[in-house]
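# Provided below for reference: sequence and predicted model.
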Amino acid sequence: MKAGSIILLLLIMLALPFLCYLNLHTNDGTRVEFVNASGVVTTISVEVADTPEEQEKGLMYRTHMDDDEGMLFIFSEDATRHFWMKDTPIPLDMVFVNSDYRIVDINYNATPKSEDVYTSKAICRYVIEVNGGFCREHCIGVGDQAKIYRPFSF
């Protein structure tokens, strides 16, 4: 192996942990399309939280999120979900979605930094957090559809 190839390989190995850290805070191309009762489609890009560590952190400490962004929590089974806003400084709408991709509950405008626990009114598989007021602004409600599109990954 040539010296240049070895140096390149070492640089990649050194950069890999940093790139993995960045990936935790960027969108991987996953998006959600909300289809409301009138058939209007609203699309957002989402960060995915599908590990217990990512789900525990959620959007804590975030001071800003663009209007077309959100976070998608993916769970391995259907269950009643419990969320709170501790250490989350921006108001959020929490959209609870079942395994048929139907919205079964919404917590509108959750209070920033509150330790109150919000429990979904129905079992769900997914939770999508968007900026507070998003659902009312886009007429998204219980019974509407949430289509999840994830890019192919290994």
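Looks like it came in fine.
# Next up, the contacts around the residue most central in space within the chain.
For the chain, the residue nearest the mean C-alpha position is Met71 (1.6 Å; CA atoms, centre = their mean). For Met71, the contact set (CB atoms under 8 Å, 6 or more residues apart in numbering) comprises Val46, Glu47, Val48, Ala49, Gly58, Leu59, Ile128, Glu129. Yep, even glycine has a C-beta here, placed from its N, CA and C like the rest.
# what would the residues you listed look like in JSON lines with neighbour count and pLDDT?
Putting those into JSON lines (neighbours: other CB atoms under 10 Å; pLDDT from 0 to 100) gives the following:
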{"residue": "Val46", "neighbour count": "23", "pLDDT": "98"}
{"residue": "Glu47", "neighbour count": "22", "pLDDT": "97"}
{"residue": "Val48", "neighbour count": "18", "pLDDT": "97"}
{"residue": "Ala49", "neighbour count": "21", "pLDDT": "97"}
{"residue": "Gly58", "neighbour count": "22", "pLDDT": "96"}
{"residue": "Leu59", "neighbour count": "18", "pLDDT": "97"}
{"residue": "Ile128", "neighbour count": "26", "pLDDT": "98"}
{"residue": "Glu129", "neighbour count": "28", "pLDDT": "98"}
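# bridging residues for Asn131?
Leu92 (DSSP bridges).
# where in this protein is pLDDT low?
Within the chain, the stretches with pLDDT under 70 are 1, 3-27, 152-154.
# And the strands in it, which stretches?
Secondary structure of the chain (DSSP state E): strands at 31-35, 41-49, 69-79, 82-83, 92-97, 103-110, 118-119, 124-131, 145-149.
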